[in-house]
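Novice: Got a predicted structure plus its sequence, pasted below:
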Amino acid sequence: MSSTSGDQVHPKMGGLHGPKHKRSDLDREYNRFNGTQLEDLQHDIATMCKDQHGCRYLQKKLEEGVPEHRDMIFRETYPHFAELMTDPFGNYLCQKLLEYSTDEQRDQICRSVGKDLVNISLNMHGTRAVQKMIDFLSTSRQTDKRFEMQIHSIIVSLGMHVVTLIKDLNGNHVVQKCLNKLSPEDNQFIYNAVATHCVEVATHRHGCCVLQRCVDHASDAQRIQLVTEITYHALTLVQDPYGNYVVQYILDLNDNRFSDAVIRQFLGNVCALSVQKFSSNVIEKCIRVAEHNTRKMLIEELLNRTRLEKLLRDSFGNYCVQTALDYAEPNQRAVLVDYIRPILPLIRNTPYGKRIQSKLQREQVEASHVQHYGVPNYHANQAALLALTANGLNGVGQGRHLHQQSLHHAGQLVDPYANQSSLYSHGLPTGLHNQSHMHGVPQQTLDAVYGSHQALQRTGGGTSLMNNAAAFGGIQAYSTPVGGNFNVSLPLGNGIQDHYGRSNYGYGA
């Protein structure tokens, strides 16, 4: 049989690679191996693997379970295994051969592809073969411990390139397959790499998803290892379009050991973070999930007439004020309402003013009902609402969040950061403590931030994505905090102090 170019090809291999074929041609190609003996195809098996129907024929031969056929296919494909794993058809034969090969043959395969395993994982076809390899070996190990060494060889091959794999469209699925199928102990190499390169991973479009899966599959010690790094870099991550989701994911764990330490990283910069596109969402969530005392400190930073006016006029900050109204304790809320009263008429024609007014009008009805029926727990701040809404402002706005009930925590849990006294110092008269010194930057005022962000809109295609450096003046993108207030002596290099005990996990030194 000849190809259209006139080149001679094997009679069993030609015919499928032309530009177009009729259905009868395809049927003929599909059936061309009927009655063919595998022995007749000797020395052509590696080429057949790259042909759709040839590959299917070989898979069927493996499924028949004839040892001589298995060994023949192995001998001819073994020298080309890495190449075949990235072939559109050959990768399926590789997956099938891993399943039907002997332990010795499988060991040879794992060793032969080890040096190429990362490149194979980055390939759109190879990633499937590598995932199948991990899946099969992990499942088989449950009944046969001889598969331990084969899994170990995969870990060694991938271990130095975890971040590269995580950031790749195809490679990240191999890392996720390891997380799904291997034990936490086997996956420690992933946790070490992710913790060491926390910012690089968390601020990547694929990396932020993989990091969340790392949290899901972690042992308790591994989860603390990751959350420690996320907490340390929270002020950087919260301003990133992907990193902010990682911070929110930690808050959504509803674990007071973690959430409160993360939230306290933002004290001293609440207003500045409230007027940024990405971090404003996190500040809202912080107000909703924070413990009572921490929530009070967050809202306390909003209780300034000048700053509050700028927040109410800001397309991002006004949502944080609305959330504060929903979750503030009665006395603090009364102060907040009192500060809003003279500002609201100035923003009556803005969407933000209408949203605030709508919220207060609904609560006016509730307060009136309480007052009318003489319920004894009628608070002074509800009376303030009545006075505030008496201005006669009109308009109904729709907020970006549905009203949610406050989260009540069962009790204070063990705090792994309790020995960091600087993290929980609140000696300022206002009850606030600026944590930005932990990141080597000065506290920023809202005025320094507001000017560059007041034109941003909460929605709209013209909004540019905020990068870490643009968030607020003194904070550099991906900056590495320098020790000074942590009172530790274990250096990690370049002047960085090991204030969270990274060396305990065997990385970062």
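Specialist: Good, I have the coordinates. Residues are numbered from 1 along each chain as shown.
Novice: Leaving out the residues flanking it, which one is nearest to Thr323?
Specialist: Across the structure, with CB to CB, 6 or more residues apart in numbering as the measure, the residue nearest Thr323 apart from its sequence neighbours is Glu284 (4.5 Å). Every C-beta, even on glycine, is put in place using the N, C-alpha and C of the backbone.
Novice: Touching, the one you found and Val321? I think so.
Specialist: No: if you go by CB atoms under 8 Å, Glu284 and Val321 don't touch, sitting 9.9 Å apart.
Novice: quick one, which of those two is more surrounded?
Specialist: Each of Glu284 and Val321 had its neighbours counted (other CB atoms under 10 Å), and the higher figure belongs to Val321 (26 against 23).
Novice: wait, what's in contact with the more buried one?
Specialist: The contact partners of Val321, by CB atoms under 8 Å, 6 or more residues apart in numbering, come to 302, 308, 311-312, 336, 340, 356.
Novice: for these, which one is nearest Phe33?
Specialist: Set against Phe33, the nearest of these by CB to CB is Leu311 (72.7 Å).
Novice: Leaving out sequence neighbours, find the closest residue to Arg305.
Specialist: On the basis of CB to CB, 6+ apart, the spatially nearest residue to Arg305 that is not a chain neighbour turns out to be Tyr339, at 5.5 Å.
Novice: give me the number of residues near the one you found?
Specialist: When neighbours are counted by other CB under 10 Å, Tyr339 comes out with 18.
Novice: all numbers from here: first residue = 57
Specialist: Sounds good: first residue 57 from here, last item Tyr395.
Novice: quick one: contacts for it?
Specialist: With CB under 8 Å, 6+ apart as the criterion, the residues that contact Tyr395 are 359-361, 364.
Novice: just Ile176 next, same as before
Specialist: Contacts for Ile176 were tallied using CB under 8 Å, 6+ apart; they are 138, 141-142, 169, 182-183, 185-186.
Novice: Looking at Lys333 now. What's its pLDDT?
Specialist: The model reports Lys333 with a pLDDT of 96.
Novice: Now that it has come up, it's in contact with Phe372, right?
Specialist: Yes: with contact taken as CB under 8 Å, Lys333 and Phe372 are classed as touching, separated by 6.1 Å.
Novice: More neighbours: which of these two?
Specialist: Phe372 (24 against 20).
Novice: backbone phi and psi for the more buried one, please?
Specialist: Here is the backbone geometry of Phe372 (degrees, to the nearest 10): phi -100, psi -50.
Novice: ok, how many other residues are close to the residue lying closest to it once chain neighbours are set aside?
Specialist: Excluding the flanking residues, the one nearest Phe372 by CB to CB, 6+ apart is Ser336, at 4.0 Å. Residues within reach of Ser336, counting by other CB under 10 Å, total 25.
Novice: Okay, buried residues for the helix or strand hosting Ser336 please.
Specialist: Using DSSP states H and E, Ser336 sits within helix 335-345. Neighbour counts using 16 or more other CB atoms under 10 Å place 335-345 of helix 335-345 among the buried residues.
Novice: Out of those residues, which is nearest to Leu282?
Specialist: Taking CB to CB as the measure, Leu282 sits nearest to Val338 out of the buried residues of helix 335-345, at 17.6 Å.
Novice: Quick one: residues contacting the closest one.
Specialist: With CB under 8 Å, 6+ apart, Val338 has these contacts: 294, 300, 303-304, 307, 322, 329.
Novice: rerun that using 7 Å as the cut-off
Specialist: Residues counted as contacts of Val338 (CB atoms under 7 Å, 6 or more residues apart in numbering) are 294, 300, 303-304.
Novice: before we move on, back to that, so the residue nearest to Phe372 sits right up against Thr379, yeah?
Specialist: No: under the contact definition of CB atoms under 7 Å, Ser336 does not touch Thr379, with a separation of 9.7 Å.
Novice: For Asp143, see how far away Asp107 is.
Specialist: When CB to CB, to the nearest Å is the yardstick, Asp107 and Asp143 sit 10 Å from each other.
Novice: Also Glu347?
Specialist: In this structure, Glu347 and Asp143 are 56 Å apart, going by CB to CB.
Novice: ok, back up a step: what's the angle between the next helix or strand after the helix holding Ser336 and helix 335-345?
Specialist: Along the chain past helix 335-345, the next helix or strand (assigned with DSSP H and E) turns out to be helix 348-356. In terms of direction (axes from the mean of the first three to the mean of the last three CA atoms, to 10 degrees), helix 348-356 departs from helix 335-345 by 140 degrees.
Novice: Which strands and helices lie in contact with helix 348-356?
Specialist: Using 3 or more CB pairs under 7 Å, 6 or more residues apart in numbering; DSSP states H and E as the contact criterion, the secondary-structure elements in contact with helix 348-356 are helix 312-320, helix 335-345.
Novice: tally of neighbours for the nearest residue to Asn236 once chain neighbours are set aside?
Specialist: Spatially, and ignoring its direct neighbours in sequence, Asn236 is nearest to His273 (7.1 Å; CB to CB, 6+ apart). Here the neighbour count serves as a burial measure; for His273 (other CB under 10 Å) it reads 19.
Novice: Does His273 touch Leu235 like I think?
Specialist: Yes: the criterion here is CB under 7 Å, and His273 meets it with Leu235 at 4.5 Å.
Novice: what's near enough to touch Leu329?
Specialist: Leu329 is in contact with 294, 322, 335-336, 339, counting by CB under 7 Å, 6+ apart.
Novice: now the helices: where do they sit in the stretch 257-406 of the chain?
Specialist: Read by DSSP state H, counting those that start in this stretch, the stretch 257-406 of the chain holds these helices, from start to end of the chain: 263-273, 276-288, 290-293, 299-307, 312-320, 326-330, 335-345, 348-356, 361-369, 373-383, 386-396.
Novice: Buried residues, the longest one. List them.
Specialist: So that's helix 276-288. Under the neighbour-count criterion of 16+ other CB under 10 Å, helix 276-288 has 278-288 buried.
Novice: same question for stretch 344-356, mean pLDDT?
Specialist: If you average the pLDDT values across stretch 344-356, you get 96.
Novice: Also stretch 313-321?
Specialist: In the prediction, stretch 313-321 has an average pLDDT of 95.
Novice: again with stretch 389-403
Specialist: Averaged across stretch 389-403, the pLDDT comes to 87.
Novice: and it, how far apart are its ends?
Specialist: End-to-end distance for stretch 389-403, by CA to CA, to the nearest Å: 20 Å.
Novice: what comes up buried for it?
Specialist: Quick answer for stretch 389-403 (16+ other CB under 10 Å): 389-397, 399-400, 403.
Novice: Tell me which two of those sit farthest apart.
Specialist: Checked with CB to CB, the buried residues of stretch 389-403 reach their widest spread between Ala390 and Ile403, with 20.5 Å between them.
Novice: from what I can see Gly263 touches Leu225, true?
Specialist: No: distance between Gly263 and Leu225: 11.8 Å, which falls outside the contact criterion (CB under 7 Å).
Novice: Counting neighbours around each, name which of these two comes out higher.
Specialist: For Gly263 and Leu225, the more surrounded residue by other CB under 10 Å is Gly263, and the numbers stand at 25 against 11.
Novice: between Asp107 and Asp143, which one's more packed in?
Specialist: Summary of the neighbour comparison: Asp107 and Asp143, criterion other CB under 10 Å, with Asp107 having more neighbours (24 against 20).
Novice: Quick check: that one touching Phe145?
Specialist: Yes: under the contact definition of CB under 7 Å, Asp107 touches Phe145, with a separation of 6.5 Å.
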